[in-house]
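> structure for the following, please:
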Amino acid sequence: MKIVFLSISLLLATLAHAQLRLPRYFSDHAVLQRDQPVVLWGWSVPGDKLSVTMADVTHTTTTNRDSIWRVTLSAKPAGGPYDIVIKGATEKITIKDIYFGDVFFCSGQSNMVFTMNKEEHSVEEKENFPLIRQFHVYRNTQPWPQKDVGRAEWMISDEKMRKRFSAVAYYFAKEIYKEKKIPVGIILSAYGGSPIEPFMSKEALKDFPEAHSKADKITPEFIRKTQEENDRLLAANPGIKEPKGFVNIKNRYPTMIYNGMIAPFFFYPVKGVLWYQGETNTFIPQCYDYEAKLYHLVRSWRRSWKDEQLPFYIVQLPNYGEQVDVPKSSAWTFVQEAQFKVSQRMRHVHTIVTQDVGDPSDIHPTNKRDVGKRIAAQVLKQTYGDTKRIAQGPTVVKVDIRSDTIELHFANIGSGLEAKGGGKNLYGFALAGKDDKFYRATAELRGDRVVVYSEQVGEPLYIRYAFESNPAKINFYNKEGFPAVPFRTDELKDATTRK
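Below you'll find the model as predicted:
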């Protein structure tokens, strides 16, 4: 029955694509990736002979039996505007105001979706940037990978449209534009409230039996029966969003977001990926698998984009939740750690620390300006090659245990370490001995080193810094203003439930 359904679907798709059509990302105001060939493609009647003209250069092609045609536009430097005219035997499409620049794919969940109209600094944004453009992809989940997205549109950053931009992506793009003076395209393809598994392909989930088996169940019949049962449960439990037995086959089901919102873009060249997700994986035991899943997501996306060096910039989760008197890890901190560890084990993957700009009582902190600026600093250093730029805070590189104290050495010192606000004492450190119990510790700046000790731990073996959902105070920075990277030296799996 599945084979028959797929055959009918393919036939209907062919008929639907009989007329000249482009994927939605090839539309007015688009930004195309500069300095590399771009494959422009679409659908038409099989055998239709087409011409594609841009800047007085014309390419010709013939539509294949699968109704798809392609031409390759030669690499262009940053600039524009261009019009692109596609002519078939009986139809013509013109897409206007096209620029070449740098394109960044922005994905994740609600903190990436979080728009400028809710951002706390947005009232200060008065200047329009017509060469900063966002391709807004509306939520669209699918049972198998698609070639095109659903509803989507390119937006120009002006007074009217700016409020609909992703705040993180906007502030990031603004910094890149100000520095490089080239068009910047941001593709916002994110879905709030989603764990990482829906963003992963079925192939990427093969090492995770539970998620892979769920993806294996996806058939038209499964979708239909699940939806019918969900409708029954909702009718029987009015007012309850997801009653017991409800199966979210949209943004909580493996591969569904990937199929509808990620897979279509592997034909569209990008400069890099910005990833802001993890909140919905901060539970036990899911937090322990997050590092492996994020690693496989990066590998999968890179292979699909046919770019094993494609840069990824991962926004680490911010501080959130209750403060505690006794040092205590949580599923939240394990996801934070996983995000940084992926950047340590993979080339061209970088983490942006936000442990100091969150909101303890709101999972959606409204300060996205600092987040966007910190991403931009990393991108300018790592992707654009500004090697002298300091783009991250102190990162521990050496731990010396000296009887009753631990001495720490750091990279990314910049022009020096500092205790923000003055003094030499740093907060957020904890020590443990052979009993694996952590206690608050005193930490002192001594030049470019930090010495840590505790009266309660005579012979320290392990040290943690900011390894809590919401450390009481963050004051450890370099003089360039970047916060120190949270870390630990133990390997305990002692996560607790976040509150």
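> only C-alpha atoms for contact and neighbour calcs from this point on.
Noted.
> quick one: the strands in the stretch 251-400 of the chain, in order.
272-276, 312-315, 349-352, 395-402 (DSSP state E, counting those that start in this stretch).
> stretch 481-499: how far from the chain's middle?
On the basis of C-alpha atoms, centre = their mean, to the nearest Å, stretch 481-499 is displaced by 21 Å from the centre of the chain it belongs to.
> and for stretch 125-135?
Worked out by C-alpha atoms, centre = their mean, stretch 125-135 lies 21 Å from the chain centre.
> next: stretch 428-440.
33 Å.
> what does stretch 387-406 give?
27 Å.
> same question for stretch 340-354.
On C-alpha atoms, centre = their mean, the centre of stretch 340-354 falls 12 Å from that of its chain.
> stretch 212-225 now?
Per C-alpha atoms, centre = their mean, the centroid offset for stretch 212-225 relative to its chain is 26 Å.
> now for the residue nearest to Asn64 when sequence neighbours are not counted: which residues touch it?
Leaving aside its sequence neighbours, Asn64 sits nearest to Pro46 (C-alpha to C-alpha, 6 or more residues apart in numbering; 5.3 Å). Going by C-alpha atoms under 8 Å, 6 or more residues apart in numbering, Pro46 touches 18, 62-68.
> show me which pair in those is furthest apart.
Ala18 and Thr62 (13.5 Å; C-alpha to C-alpha).
> for the nearest residue to Val298 once chain neighbours are set aside, list each beta-bridge partner.
The spatially closest residue to Val298, leaving aside those adjacent along the chain, is Phe312, at 7.6 Å (C-alpha to C-alpha, 6+ apart). Beta-bridge partners of Phe312, counted by DSSP bridges, are Val273, Val349.
> hmm, Phe312 is touching Tyr276, no?
No: applying C-alpha atoms under 8 Å as the test, Phe312 and Tyr276 come out as separate, 10.6 Å apart.
> show me the longest strand that occurs in the protein.
strand 92-108 (DSSP state E).
> let me know the angle separating it from strand 272-276.
50 degrees (axes from the mean of the first three to the mean of the last three C-alpha atoms, to 10 degrees).
> tell me the contacts of the closest residue to Val85 other than its chain neighbours?
In space, Val85 comes closest to Thr94 once its chain neighbours are excluded; the distance is 4.4 Å by C-alpha to C-alpha, 6+ apart. With contacts defined as C-alpha under 8 Å, 6+ apart, the neighbours of Thr94 are 83-86.
> likewise for Glu119?
167, 366-368 are the contacts of Glu119 under C-alpha under 8 Å, 6+ apart.
> could you report the distance from it to Val184?
21 Å (C-alpha to C-alpha, to the nearest Å).
> that older thread, next step: the contacts of Thr94 restricted to strands.
Short answer: the contacts of Thr94 in strands (DSSP E) are 83-86.
> Ile390: which of the residues you listed is nearest?
Once C-alpha to C-alpha is applied, the member of the ones in strands among the contacts of Thr94 that ends up nearest Ile390 is Asp83, at 39.9 Å.
> per-residue pLDDT, that closest one?
pLDDT for Asp83: 98.
> roughly how far does the closest residue to it other than its chain neighbours sit from Val71?
Counting by C-alpha to C-alpha, 6+ apart, Asp83 lies nearest to Lys96, which is 4.5 Å off, once chain neighbours are set aside. Distance of Lys96 to Val71, given as C-alpha to C-alpha: 18 Å.
> before we move on, the earlier item: now the residue nearest to Asn64: which helix or strand?
Per DSSP states H and E, Pro46 falls between elements, in no helix or strand.
> gap between it and Gln19?
In this view, Pro46 and Gln19 are 10 Å apart by C-alpha to C-alpha.
> I'd assumed Leu131 was in contact with Gly80.
No: if you go by C-alpha under 8 Å, Gly80 and Leu131 don't touch, sitting 9.8 Å apart.
> contact partners for the most centrally placed residue in the chain?
In the chain, the centroid-proximal residue (C-alpha atoms, centre = their mean) is Trp275; its distance is 1.2 Å. Applying C-alpha under 8 Å, 6+ apart to Trp275 gives the contacts 106-108, 112, 312-315.
> secondary structure class for Ile156?
strand (DSSP: H, G, I helix; E, B strand; the rest coil).
> does Leu32 lie in a helix or a strand, and which?
strand 31-33.
> hang on, the earlier thing: Phe312 and Tyr276: which is more packed in?
Phe312 (25 against 22; other C-alpha atoms under 10 Å).
> residues of stretch 316-326 that come out buried?
316-321, 323 (16 or more other C-alpha atoms under 10 Å).
> what of stretch 302-314?
Within stretch 302-314, judged by 16+ other C-alpha under 10 Å, the buried ones are 302, 305, 310-314.
> ok, Gly80 and Leu131, which is more surrounded?
Remark: of Gly80 and Leu131, Leu131 carries more neighbours, 24 against 16, as counted by other C-alpha under 10 Å.
> does Asn29 touch Ile98 like I think?
No, residue 29 isn't Asn; it's His. Yes: in this structure, His29 is within contact of Ile98 by C-alpha under 8 Å, at 5.2 Å.
> and these two? Which one has more around it.
His29 (25 against 19).
> out of the buried residues of stretch 316-326, which is nearest to Thr354?
Pro318 (4.7 Å).
> hmm, back to that, rounded mean pLDDT for the longest strand of the chain, please.
On average, strand 92-108 scores 98.
> over to stretch 236-250?
Computed over stretch 236-250, the average pLDDT equals 95.
> swap in stretch 452-471?
Here the average pLDDT along stretch 452-471 is 97.
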